[in-house]
Each structure stands twice: as structure tokens, then as C-alpha cells.
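K.L.:
Fold the following and give me the result.
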Amino acid sequence: MGMVGGGPGAFIGNVHRMAAALDGQIELVCGAFSSDPHKSKEAGESLFLDPKRVYANFEEMILTEKSLPESARMDFVSIVTPNHVHFAPTKLALESGFDVICDKPLSFSTEEAEELVKIVSQSGRLFCLTHNYTGYPMVRQAKAMVKAGELGKIRKVVVEYPQGWLSSFLESSGQKQAGWRTDPTKSGKAGCIGDIGTHAENLAEFITGLEIKELAADLSTFVEGRKLDDDGSVLLRFKGGAKGILFASQISIGDENNIRIRVYGEKGGLEWYQLEPNTLIVKSGDGPNQLYRAGTNHAYLSSESHNAARLPAGHPEGFLEAFANLYKEFAQVLRLRNEGKPFQISFPTVEDGLRGMKFIDAVVLSSEKNSAWVSL
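P.N.:
The predicted structure is shown next:
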């Protein structure tokens with residue numbers, strides 16, 4: 001793979017590199033790691049790449065790699081830049097014949113997202129959006145159980161993602177991650193709700209298989225001087241009649257990355273949270289709660305759960321492994337596609353990214369209208 005972004009001072013780029021390398025199926029061979037050519041070169045040296053394949057910008061990388069013999073060029077591009085630099089490299093890569101993995105959210109705006117959906121369709125290339133929480137074995141188990149009807153018709157979904165790292169005016173200190181995430185010229189029209197609220201939205205739709213139809217939202221900016229929201233509460237109405245609550249916050253002091261989801265159906269319920277990722281709590285109306293535990297040796301788990309696990313029960317797998325599952329699945333599909341064999345996509349797609357952008361639009365609009373109901 002080639003990489004755009006992820007240079008000195010970046011966080012998510014290194015996560016992508018570790019995740020891609022975990023299963024030994026993907027090798028980083030080139031990159032344009034920074035908008036500063038010197039920093040890009042510095043990153044390439046630290047990763048022991050061929051200096052000839054460390055580029056000054058993404059345009060140079062994509063066009064130069066395209067000119068190489070097919071056996072020598074990169075196979076796909078991983079884009080790990082801030083939101084406002086997702087669209088241009090994704091568009092150029094797809095139109096140049098390269099498959100793409102991109103960090104979330106999909107783009108800076110819904111207009112860009114809609115164009116990317118068209119470009120992916122026209123290009124025939126593969127596209128994966130790294131909503132990494134969908135990669136956990138117990139999230140896959142939950143999705144399989146809901147799909148199999150074990151909970152009955154879904155009635156209620158409660159999903160939350162509280163963090164506390166932006167409870168102070170951290171962006172004023174020059175901290176890079178806080179800086180761009182709270183800057184509307186780089187993050188887009190939303191702060192917290194775009195950064196982590198879209199993870200909650202995607203997780204709810206992924207597990208339940210239901211789409212959000214409309215919502216009523218209340219956004220807040222608690223930290224004085226901050227330009228974007230740092231807290232949000234959203235009421236949800238799903239197609240099919242289910243109701244939901246979504247809460248995302250980056251001023252919840254003491255919380256880390258405490259994403260949690262509860263789903264309630266006519267016959268039962270389930271609960272999963274990232275701080276205990278190997279456990280899925282399954283609830284029934286006439287018996288005790290059951291604990292489902294991740295592990296390749298548990299025969300009672302679904303094939304979807306087994307495919308997302310690497311180790312027997314009792315060996316914790318977490319954030320990097322879940323992230324790596326998206327890369328592993330992308331590599332598997334890429335191989336099958338190249339061999340002309342049938343394949344099935346289980347990772348988040350460009351259409352999921354467009355739904356995330358429409359979710360952001362609807363939340364911002366609803367909050368501006370004093371929490372009025374807004375359709376997606």
C-alpha cells in the first residue's frame with residue numbers, strides 16, 4: 001500500500017500502519033506523509049522506505065506509481081489525513097485506477113461525499129471507510145444475532161461515545177490533534193459529532209441493520225473559545241419503527257474512549273462496550289443475562305465473530321486488532337477481485353460514509369432549529 005498523511009506528529013497514521021501489517025498481508029511501500037516535503041522525507045526514512053518512493057505530495061505519489069509497471073506499483077492507497085484532505089487524494093487515486101482505504105469521516109462536506117459515491121461507482125474500484133469499531137469480534141457477533149432474529153424486532157437503540165480529552169481549551173496549546181479537530185476549516189461543520197458521533201451512528205446502523213430516518217439534536221460548545229461543538233445529545237427514529245438515543249461528548253472528564261451500545265428487541269437485548277471488548281452481554285426477558293466471550297475456540301459464536309478473532313478465548317484482542325480486521329478483509333476482497341472470484345464485502349463502504357455525512361448535516365441543522373426533527 002501507499003499512504004497519504006500520517007507523518008510526524010500524526011496519531012491515526014501509525015494506527016493504520018500497525019493495523020495493516022498485523023496479518024502479514026500488506027506492506028507499506030510508498031507514501032506522501034505530509035504536506036511539507038521535508039517532513040514526508042523524514043517519515044519515509046523512519047519507516048525505512050526506498051527514498052525514491054517517498055513523495056513530496058499525494059499527486060506526485062499517485063501519478064508516479066501509476067506510471068510504474070503493474071507488478072512494481074502500489075496496489076492501493078490508505079488516506080489518513082485530516083478531514084479536509086480526504087476528497088482530493090481519494091478522487092485522484094480512484095480515477096487513476098487505485099483502490100482506496102480512507103479514515104472517517106468520509107469527507108469535509110456532504111457534497112464531496114456524494115461526488116465520491118459516484119466516482120467509486122464509475123471507477124469500479126474498492127473503497128473501505130475505517131469505522132474500526134465494526135471490526136470487533138463481539139460487534140460482529142451482535143450483528144449476526146440481530147440479523148438472525150434472536151432479539152426479535154428491534155425497538156430501542158442506545159449508543160454513546162463519551163471522551164474527556166477536550167474538556168479544556170487544549171487547542172490553544174498547539175496540540176496538533178486538538179487543533180485540527182476543532183478547526184471548522186479542517187474538520188468541517190461539526191466537531192465532536194463529526195469526530196466520534198459518526199462512530200456511534202455507524203455502530204448503531206451496523207449492528208441493527210436499520211437506517212436512521214430522522215433525528216432531533218442538541219449540540220453544545222462548553223469550552224469557551226472553541227469554534228465547534230464538544231458535546232451532543234440526539235434522539236433517533238429508525239426506519240421500521242425503532243427509537244434511539246445517541247450521546248457523544250469530548251468534555252466527559254474521566255472517560256477515555258468509552259463507546260457503548262445497547263439494543264433491545266421484542267425477545268431480548270444485548271450490550272457491548274469497548275472497555276470490555278471481548279464480552280457481549282445478551283439479555284432475555286425470562287432468564288438470566290448471558291456473557292458471550294470472544295475466542296476462536298468458542299463453538300457457540302457465529303462465523304462472523306470467528307472470522308474477526310485471531311486467538312482462543314482469554315487472550316484479549318482490542319483496538320488494533322479490530323482496526324486490522326478491516327485491512328485484512330480489504331486485502332482478502334482485493335485478492336479475490338483480482339483473481340476474478342466472487343467476493344462479499346463486510347467492511348464499511350463509501351455509502352456508509354455518505355450516511356455519516358448526512359447524519360452530521362441533520363444533527364447540525366436540528367440543533368440550529370432548537371432541536372427540531374430533521375430527516376436524513
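K.L.:
Make sure Thr81 is actually in contact with Val4.
P.N.:
Yes. Counting by Cβ atoms under 8 Å, Val4 is a contact partner of Thr81 at 6.0 Å. Backbone N, C-alpha and C define where each C-beta goes, glycine included.
K.L.:
So which of those two has more stuff around it?
P.N.:
More neighbours surround Val4 than the other of Thr81 and Val4, with 31 against 28 (other Cβ atoms under 10 Å).
K.L.:
Contact partners for the more buried one?
P.N.:
31-33, 58, 61, 77-81, 85, 89 (Cβ atoms under 8 Å, 6 or more residues apart in numbering).
K.L.:
again, only this time at 7 Å
P.N.:
Going by Cβ atoms under 7 Å, 6 or more residues apart in numbering, Val4 touches 32, 58, 77, 79-81, 89.
K.L.:
Can you tell me which of these lies closest to Glu317?
P.N.:
Using Cβ to Cβ, Val80 comes nearest to Glu317 of those, at 22.2 Å.
K.L.:
where exactly do the helices run in the stretch 101-250 of the chain?
P.N.:
110-123, 137-147, 176-181, 184-187, 192, 198-208 (DSSP state H, counting those that start in this stretch).
K.L.:
Out of the ones you listed, which is the most enclosed?
P.N.:
Per residue and on average, the most neighbours among the helices of the stretch 101-250 of the chain fall to helix 192, with a mean of 27 (mean count of other Cβ atoms under 10 Å).
K.L.:
I would like the residues contacting that one, please.
P.N.:
Here helix 192 has contacts from 229-232, 248-250, using Cβ under 7 Å, 6+ apart.
K.L.:
Can you add distance to Leu116, pLDDT and secondary structure and give the contacts of Val4 back as JSON lines?
P.N.:
Compiled in JSON lines, the contacts of Val4 are given as follows (distance: Cβ to Cβ, whole Å; pLDDT from 0 to 100; DSSP: H, G, I helix; E, B strand; the rest coil):
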{"residue": "Ala32", "distance to Leu116": "19", "pLDDT": "98", "secondary structure": "strand"}
{"residue": "Phe58", "distance to Leu116": "15", "pLDDT": "97", "secondary structure": "helix"}
{"residue": "Val77", "distance to Leu116": "13", "pLDDT": "98", "secondary structure": "strand"}
{"residue": "Ile79", "distance to Leu116": "11", "pLDDT": "98", "secondary structure": "strand"}
{"residue": "Val80", "distance to Leu116": "16", "pLDDT": "97", "secondary structure": "coil"}
{"residue": "Thr81", "distance to Leu116": "14", "pLDDT": "96", "secondary structure": "coil"}
{"residue": "Pro89", "distance to Leu116": "11", "pLDDT": "98", "secondary structure": "helix"}
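K.L.:
filter these to the buried ones?
P.N.:
Buried residues within the contacts of Val4, counting neighbours by 16 or more other Cβ atoms under 10 Å: 32, 58, 77, 79-81, 89.
K.L.:
What's the end-to-end length of stretch 158-169?
P.N.:
29 Å (Cα to Cα, to the nearest Å).
K.L.:
Tell me how far that stretch lies from the chain's centre.
P.N.:
A distance of 17 Å separates the centroid of the chain from that of stretch 158-169, by Cα atoms, centre = their mean, to the nearest Å.
K.L.:
how about that stretch: buried residues?
P.N.:
158-163, 165-167.
K.L.:
closest to Leu203 among these?
P.N.:
Val159 (6.0 Å).
K.L.:
Report the beta-bridge partner residues of that closest one.
P.N.:
Applying DSSP bridges to Val159 gives these bridge partners: Leu246, Ile261.
K.L.:
still on that earlier bit, out of the buried residues of stretch 158-169, who's nearest Glu201?
P.N.:
Looking across those and measuring by Cβ to Cβ, the closest to Glu201 is Val159, at 7.8 Å.
K.L.:
Quickly note the distance from the closest one to Gly188.
P.N.:
21 Å (Cβ to Cβ, to the nearest Å).
K.L.:
Give the rounded mean pLDDT of stretch 116-124.
P.N.:
Stretch 116-124 carries an average pLDDT of 97.
K.L.:
Run the chain-centre distance for it.
P.N.:
19 Å.
K.L.:
okay, it in PDB with CA atoms only?
P.N.:
Listed next in PDB are the C-alpha coordinates belonging to stretch 116-124 (Å, rounded to 0.1, in the frame of the first residue of the first chain):
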ATOM      1  CA  LEU A 116     -17.100  10.300  -4.100                       C
ATOM      2  CA  VAL A 117     -20.000   7.800  -4.200                       C
ATOM      3  CA  LYS A 118     -20.400   8.500  -7.900                       C
ATOM      4  CA  ILE A 119     -16.600   8.200  -8.500                       C
ATOM      5  CA  VAL A 120     -16.400   4.900  -6.700                       C
ATOM      6  CA  SER A 121     -19.200   3.500  -8.700                       C
ATOM      7  CA  GLN A 122     -17.800   4.800 -12.000                       C
ATOM      8  CA  SER A 123     -14.300   3.600 -11.300                       C
ATOM      9  CA  GLY A 124     -15.200   0.100 -10.200                       C
END
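K.L.:
Identify the residues contacting the residue nearest to the spatial centre of the chain.
P.N.:
For the chain, His131 is the residue whose C-alpha lies nearest the centre (Cα atoms, centre = their mean; 1.8 Å). Neighbour list for His131: 104, 199, 202, 348, 352 [criterion: Cβ under 7 Å, 6+ apart].
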